[in-house]
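Novice: Sequence and predicted structure are below.
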Amino acid sequence: MKILITHKQYGLIKESYQNKGIDAVIKYWKKELEKGNEIKFDRDELEYWGISKFTDKLHAQTAFQELVGDEVFAKKFINTFKNKKFSTEDFLHLNIGGYIFEWVITNMEYRDYDFYLYGKTFPGGSVTLIDGRYLTLDEALNSEDFGWEIQEEVNDVVQDCMNEIILPVTGYDVTVPLVTIY
């Protein structure tokens, strides 16, 4: 779930809301940047700083984005992944279900403060269904019973994998509305 706020609303929140944990983590990030070190955004790590409420995490995430260069930096960073081959086998630590496939990001859009990635799979992908059946992605996609679900899950797997790379560096979550399956 994403919550959109206007710049005016963000300014009011920023001016009126103070959280010592947020102030501390921002100070830490600034010091690391001054030393020439890279900083990473990690929602779980925010708990260490006493930042546990959703709104506080959102505030910290926005502050991180501003520190690293906002959407200008994020656009440049994300564009480096266009036309680069990825594989689910590189993300086995994530919950990717029974999917094995390779993909490439073909297009990136930035609109309404969100990044949208589009891509395509390479031929040869497969899925092992919950009942143990092994199907190619193409076979699974063509099923009248669950083809739509396969498409949604492939989109979700790619989104999770890309967020694993992009979120820590830019502070932005990406949305993957469509990965064309071949």
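Specialist: Looks like it came in fine. Numbers count the residues shown, from 1 in each chain.
Novice: which residues are in contact with the longest strand along the chain?
Specialist: Criterion DSSP state E: the longest strand present in the chain is strand 102-111. For strand 102-111, contacts defined as C-beta atoms under 8 Å, 6 or more residues apart in numbering pick out 71, 74-75, 78-79, 81-88, 115-122, 124-125, 158, 162, 179. Just so you know, the C-beta spots here come from the backbone N, C-alpha and C atoms, and that holds for glycine as well.
Novice: can you pull the alpha-carbon coordinates of stretch 150-161 into PDB?
Specialist: The C-alpha coordinates for stretch 150-161 follow below in PDB (Å, rounded to 0.1, in the frame of the first residue of the first chain):
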ATOM      1  CA  ILE A 150       0.800 -16.900 -12.900                       C
ATOM      2  CA  GLN A 151       1.100 -13.500 -14.600                       C
ATOM      3  CA  GLU A 152       0.400 -11.700 -11.300                       C
ATOM      4  CA  GLU A 153       3.000 -13.800  -9.500                       C
ATOM      5  CA  VAL A 154       5.700 -13.300 -12.100                       C
ATOM      6  CA  ASN A 155       5.100  -9.500 -11.800                       C
ATOM      7  CA  ASP A 156       5.300  -9.800  -8.000                       C
ATOM      8  CA  VAL A 157       8.500 -11.900  -8.100                       C
ATOM      9  CA  VAL A 158      10.200  -9.400 -10.400                       C
ATOM     10  CA  GLN A 159       9.000  -6.500  -8.200                       C
ATOM     11  CA  ASP A 160      10.400  -8.200  -5.000                       C
ATOM     12  CA  CYS A 161      13.700  -8.900  -6.700                       C
END
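Novice: Flag every buried residue along it.
Specialist: For stretch 150-161, burial by neighbour count (16 or more other C-beta atoms under 10 Å) applies to 150-151, 153-155, 157-159, 161.
Novice: Narrow the contacts of strand 102-111 to those in strands?
Specialist: 85-87, 115-121, 179.
Novice: still on that earlier bit, what's the closest of the buried residues of stretch 150-161 to residue 173?
Specialist: Among these, residue 159 lies closest to residue 173 (C-beta to C-beta), at 8.6 Å.
Novice: Can you tell me how far the residue nearest to the closest one when sequence neighbours are not counted is from residue 58?
Specialist: Distances taken as C-beta to C-beta, 6 or more residues apart in numbering place residue 176 nearest to residue 159, at 3.8 Å, with adjacent residues excluded. Taking C-beta to C-beta, to the nearest Å as the measure, residue 176 falls 21 Å from residue 58.
Novice: before we move on, back to that, please identify which of the buried residues of stretch 150-161 is nearest to residue 96.
Specialist: residue 157 (5.0 Å).
Novice: Measure how far stretch 34-52 is from the centre of its chain, please.
Specialist: 17 Å (C-alpha atoms, centre = their mean, to the nearest Å).
Novice: Only alpha carbons, please: show that stretch as PDB.
Specialist: Taking Å, rounded to 0.1, in the frame of the first residue of the first chain, the C-alpha atoms of stretch 34-52 are listed here in PDB:
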ATOM      1  CA  GLU A  34      30.400  13.100   4.800                       C
ATOM      2  CA  LYS A  35      33.000  10.300   5.400                       C
ATOM      3  CA  GLY A  36      32.400   9.200   1.800                       C
ATOM      4  CA  ASN A  37      30.600   6.000   2.800                       C
ATOM      5  CA  GLU A  38      27.500   4.600   1.100                       C
ATOM      6  CA  ILE A  39      24.300   4.500   3.100                       C
ATOM      7  CA  LYS A  40      21.600   2.000   2.700                       C
ATOM      8  CA  PHE A  41      17.900   2.200   3.500                       C
ATOM      9  CA  ASP A  42      16.500  -0.700   5.500                       C
ATOM     10  CA  ARG A  43      13.000  -0.600   7.000                       C
ATOM     11  CA  ASP A  44      13.900  -3.300   9.500                       C
ATOM     12  CA  GLU A  45      16.900  -1.300  10.700                       C
ATOM     13  CA  LEU A  46      14.700   1.600  11.500                       C
ATOM     14  CA  GLU A  47      13.400  -0.400  14.400                       C
ATOM     15  CA  TYR A  48      16.900  -0.200  15.900                       C
ATOM     16  CA  TRP A  49      16.600   3.600  15.900                       C
ATOM     17  CA  GLY A  50      13.200   3.400  17.700                       C
ATOM     18  CA  ILE A  51      11.300   4.100  14.500                       C
ATOM     19  CA  SER A  52       8.400   1.700  14.500                       C
END
